[in-house]
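Novice: Just need the structure, nothing else, for what follows:
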Amino acid sequence: MTAAGAARGPRVVVLGLANVWQLQMVQTGAGVPRELRTLGTEIALTVVPYTLLVFVPIALLILVGLRRTGYGRLLFAIGDNPIASRLSGARAWQVLIVLYVISALLAAVAGFLVSGGSNVASVTLVDSYVLPSVAAAVIGGTSILGGRGGFGGTIVGALILQVIISLLSSLGYPEAVRQVLFGAIIVAVAAAYTRVTQES
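Specialist: Alright, predicted model coming up:
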């Protein structure tokens with residue numbers, strides 16, 4: 001068995017379990033748990049959405065973790081020059097494993113919030129958000145080549161992207177046009193960053 005096949009096995013199992021659970025929820029008409037619906041749709045004190053109460057602490061932890069901890073500095077160092085980081089004694093594979101675990105946990109939290117807001121649980125629920133999320137990071141100054149960027153810029157990029165999405169929606173453009181625009185933004189910014197780094 002190849003490494004790709006071994007990695008695909010657990011993913012297929014998880015997707016299968018998710019599909020079975022989704023079918024069960026559809027047949028029983030139960031939807032997502034009430035706690036998730038409350039978290040995804042309701043407002044605390046008639047002013048603050050519960051989703052914001054979840055997002056703000058997590059965002060602060062990420063901002064502090066990236067800029068004020070040794071692990072955050074290791075991430076930037078490995079992203080900028082993995083060979084030099086390895087030669088300096090950094091164990092890149094351990095850092096990356098921790099990063100993948102953190103990313104999976106954050107994706108799970110985001111999935112719970114989206115599922116609660118839409119009252120739908122599906123393995124393809126947020127497929128349309130994949131390209132915009134990359135575009136938001138790129139607009140915010142994060143290099144897809146690694147070693148440069150930050151979560152604060154990504155938040156700003158997401159806000160800018162949301163304005164663009166709202167504008168396209170008001171003009172009546174379909175989802176396909178939005179995806180093409182997001183892809184064009186990623187390619188254009190990545191090409192510009194590559195050219196700047198080569199010249200410098």
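
Novice: for the most centrally placed residue in the chain, what are its contacts?
Specialist: Note on the chain: the residue nearest the mean C-alpha position is Ser133, at 5.7 Å, using Cα atoms, centre = their mean. Applying Cβ atoms under 8 Å, 6 or more residues apart in numbering, we find Ser133 in contact with Ala158. (Glycine included, C-beta is placed from N, CA and C.)

Novice: Distance from the chain centre to the host helix or strand of it, please.
Specialist: Element membership for Ser133 (DSSP states H and E) is helix 130-139. Distance of helix 130-139 from the chain centroid (Cα atoms, centre = their mean, to the nearest Å) equals 8 Å.

Novice: List of residues touching the helix or strand in which Gly79 is found?
Specialist: Secondary structure from DSSP H and E places Gly79 in helix 70-80. Helix 70-80 is contacted by residues 65-66, 84-85, 88, 90, 92, 95-96, 98-99, 146-148 when judged by Cβ under 8 Å, 6+ apart.

Novice: If we use 10 Å, what do you get?
Specialist: With Cβ atoms under 10 Å, 6 or more residues apart in numbering as the test, helix 70-80 has contacts from 62-67, 69, 84-86, 88, 90-96, 98-99, 102, 142-143, 145-151.

Novice: do stretch 160-173 as well
Specialist: Applying Cβ under 10 Å, 6+ apart, the external contacts of stretch 160-173 come out as 132-133, 135-140, 174-175, 177-178, 180-182, 185.

Novice: Mind checking the pLDDT average for it?
Specialist: Regarding stretch 160-173, the rounded mean pLDDT is 86.

Novice: tally of neighbours for Glu175?
Specialist: Neighbour count for Glu175, taken as other Cβ atoms under 10 Å: 10.

Novice: okay but it is in contact with Ser128, surely?
Specialist: Yes - look at Glu175 against Ser128 with Cβ atoms under 10 Å: they come within range, at 6.6 Å.

Novice: shared neighbours of the two, anything?
Specialist: Common neighbours of Glu175 and Ser128 (Cβ under 10 Å, 6+ apart) do not exist.

Novice: now Leu75: how far from Val114?
Specialist: According to Cβ to Cβ, to the nearest Å, Leu75 stands 26 Å off from Val114.
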